[in-house]
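Colleague: Build me a structure from this.
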Amino acid sequence: MKKYAHLASAIFCVATLLFLGWQVWRLDYLFQGTTAKPSVELVRLTKDDWLTAMNALDQAQTQPALEYIALSQGDPTLASRRALLEGRLMLIMGKPRAAEQAFSEAKDDVELRPQALHWLGAALYAIGNTQLAANYWLDAIAAKPDLAPAHRSLSMHFYDLGATDNAVYHLRELSKLEPKDGRPLRLLALVYKDNEQYEDAAKYYQQALERELSDKTQQDVLLELTECLLKTRNYQQAFETVTRCSESNDVRVLKAECLTGLGKNDEAIQELDLVLAVDANHLRALLLRGTLDLEKGNIEGAIATLTRAAQSHPLDFTAHFKLSQALRRGEKNELADQEAAEAERIRLIRERFAKLHQDASGKPEDASIRTELGDTALELQLLDVAANWYRAALALDPKNEKARISLEKMQSTPKNAQPSPPL
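Modeller: Prediction:
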């Protein structure tokens, strides 16, 4: 207890000194637990000191910022720099409204205005006012076109809204401003992949791999690049790419698709059987195994495999379509007609979904389109996708009752539906 009493006494003394040099409301946020002591004499701080504190905050290291704030209290010329640091500390502490006030104090400084506007947008985004946040980010870029953090924030904002044209612009700018970072190129590739522009997507994936990526992101990029190369029938390059991935069921299936494209069906079947022995309902494995059985003339085997695919993934167009082909080959025409009709029903929903994506990209501020996208995703049982679109609609129109009710209903319902693959 004596040990803790000494500690408590020391902390109390430090806090008392700090109260003499700073506004009371900020101390409650920033100085609990710090050992920084204000100097009796004015300490001359440089711009490098401030930049060191700002950079330390990027790594979640708060001590340099706390020390700068304490030592700059007697110098009114440093008020704007101090306010930026205060705001960032408040964001780290989960106090976005206090951060908003601090950043607002800094934005009238001509030199710091672009950064202040960027961080003001970050505070408003944390509060939930995404539209006003985006406006501040745009103002920040107008003041400083090469401000990479603002481009990054806007690229993610527009990507989340489905406004892909806007997202692509900011991702391209960001990739130029940060030539070592592969993440903007990876997201660019995802946009093109989602739009079925596989050659362009492959180009950006390959460029991303030439830059810095985390180990996990690099694995994801290799898998996504393999899928694009398969779509463009570059089977040998796809095989060489997928062999760079860590072993998994998804990797084995992609490898089997490469082998099939290279005419090595027996090797492909071996890979697929290894996957299905572990995961009997793996959709892509079932679809390819059933297709290979059908090509070999094993009609009953194909029907059994593709039936399992359609039953375990009831809203997958390809499963019903391939099953209808197998049933037709087995002269089970009535069942084949039923599966073909179901495949067509799903195809029309997916076609509507794709059209809505295009509409959303062209109308970045239309909440009703995003609500309809949520409804359509829900129809396809893409639950996470539906929730994201409802959130996007509410970000644009907080009074959108349809989106709010649908999202609340989803959140109160247990997730027991089978996950569907990305469209």
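
Colleague: I'd guess Leu230 is in a helix, am I close?
Modeller: Yes - the assignment for Leu230 (DSSP: H, G, I helix; E, B strand; the rest coil) places it in a helix.

Colleague: and it, what does it touch?
Modeller: In this structure, Leu230 makes contact with Ala238, Leu254, Glu257, Cys258, Gly261, judged by C-beta atoms under 8 Å, 6 or more residues apart in numbering. For every residue, glycine as well, the C-beta is placed using N, CA and C.

Colleague: Count the neighbours of the fourth one for me.
Modeller: Using other C-beta atoms under 10 Å, Cys258 has 26 neighbouring residues.

Colleague: Quick check: chain neighbours aside, which residue is closest to it?
Modeller: Phe239 (3.8 Å; C-beta to C-beta, 6 or more residues apart in numbering).

Colleague: which secondary structure element contains the one you found?
Modeller: Applying DSSP states H and E as the criterion places Phe239 in helix 235-242.

Colleague: Tell me the first helix or strand C-terminal of that helix.
Modeller: Next element after helix 235-242 (DSSP H and E): helix 249-261.

Colleague: what's that next one packed up against?
Modeller: With contacts defined as 3 or more C-beta pairs under 8 Å, 6 or more residues apart in numbering; DSSP states H and E, helix 249-261 has these neighbours: helix 215-231, helix 235-242, helix 265-278, helix 283-296.

Colleague: quick one, which of these is packed in tightest?
Modeller: Most buried of the helices and strands packed on helix 249-261 by mean neighbour count (mean count of other C-beta atoms under 10 Å) is helix 283-296; its value is a mean of 21.

Colleague: what's in contact with that helix?
Modeller: 249-250, 252-253, 256-257, 260, 265, 268-269, 272-273, 275-276, 279, 299, 301-303, 305-306, 308-309, 312-313, 316, 318-319, 322-323, 325-326, 329, 421.

Colleague: centre of the chain versus that helix, how much separation?
Modeller: 32 Å (C-alpha atoms, centre = their mean, to the nearest Å).

Colleague: quick check: angle from that helix to helix 249-261?
Modeller: 30 degrees (axes from the mean of the first three to the mean of the last three C-alpha atoms, to 10 degrees).

Colleague: average model confidence for helix 283-296?
Modeller: Across helix 283-296, pLDDT averages out at 96.

Colleague: right, and the helix or strand after that helix?
Modeller: Immediately after helix 283-296, counting by DSSP H and E, sits helix 299-312.

Colleague: for that next one, packing partners?
Modeller: helix 283-296, helix 317-329.

Colleague: Same list (those) but as TSV, adding distance to Glu105.
Modeller: Converted to TSV, those look like this (distance: least, C-beta to C-beta, whole Å):
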stretch	distance to Glu105
helix 283-296	54
helix 317-329	55
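
Colleague: show me the contacts for Thr307.
Modeller: Leu323.

Colleague: now it: how far from His313?
Modeller: The gap separating Thr307 from His313 is 11 Å, by C-beta to C-beta, to the nearest Å.

Colleague: hang on, the earlier thing: please name the residues that touch the residue nearest to Cys258.
Modeller: Residues near Phe239 by C-beta under 8 Å, 6+ apart: Lys255, Cys258, Leu259, Leu262.

Colleague: Leaving out the residues flanking it, which one is nearest to Arg404?
Modeller: Nearest residue to Arg404 in three dimensions, chain neighbours excluded: Leu394, at 6.1 Å (C-beta to C-beta, 6+ apart).

Colleague: rewinding a little: grab the CA positions of the helix holding Phe239 and hand them over as CSV.
Modeller: What follows is helix 235-242, C-alpha atoms only, in CSV (Å, rounded to 0.1, in the frame of the first residue of the first chain):
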residue,chain,number,x,y,z
TYR,A,235,-3.6,-20.9,-67.5
GLN,A,236,0.1,-21.4,-67.3
GLN,A,237,0.7,-17.9,-65.7
ALA,A,238,-2.3,-18.6,-63.4
PHE,A,239,-0.7,-21.9,-62.3
GLU,A,240,2.7,-20.2,-61.7
THR,A,241,0.9,-17.5,-59.6
VAL,A,242,-1.2,-19.9,-57.5
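
Colleague: Which stretch among the helices and strands packed on helix 299-312 approaches Lys144 most closely?
Modeller: Closest approach to Lys144 among these is made by helix 283-296 (46.0 Å; C-beta to C-beta).

Colleague: could you give the angle of that closest one to helix 317-329?
Modeller: 20 degrees.

Colleague: can you give me the helices in the stretch 51-200 of the chain?
Modeller: Using DSSP state H, counting those that start in this stretch, the helices of the stretch 51-200 of the chain run over 63-71, 79-92, 96-106, 113-127, 130-143, 148-161, 164-177, 183-194, 198-209.

Colleague: What confidence value was assigned to Ser420?
Modeller: Taking Ser420 on its own, its pLDDT is 34.

Colleague: Now for Lys47, how many residues are close by?
Modeller: The burial count assigned to Lys47 is 10, neighbours taken as other C-beta under 10 Å.

Colleague: how much space between it and Gly74?
Modeller: From Lys47 to Gly74 the distance is 18 Å (C-beta to C-beta).

Colleague: Pull out the buried residues from the longest helix that the chain contains.
Modeller: Counting by DSSP state H, the longest helix found in the chain is helix 333-362. Buried positions in helix 333-362, judged by neighbour count with 16 or more other C-beta atoms under 10 Å: 335-336, 339-340, 342-343, 346, 349-350, 353, 356-357, 359-361.

Colleague: before we move on, the earlier item: selecting buried members of the contacts of Phe239 in ChimeraX, what would you type?
Modeller: Command for ChimeraX that selects the buried part of the contacts of Phe239, burial taken from 16+ other C-beta under 10 Å:
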select :255,258,259
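
Colleague: what distance separates whatever helix or strand Gly374 lives in from the centre of its chain?
Modeller: Per DSSP H and E, Gly374 falls inside helix 367-379. The chain centre lies 19 Å from the centre of helix 367-379; the measure is C-alpha atoms, centre = their mean.
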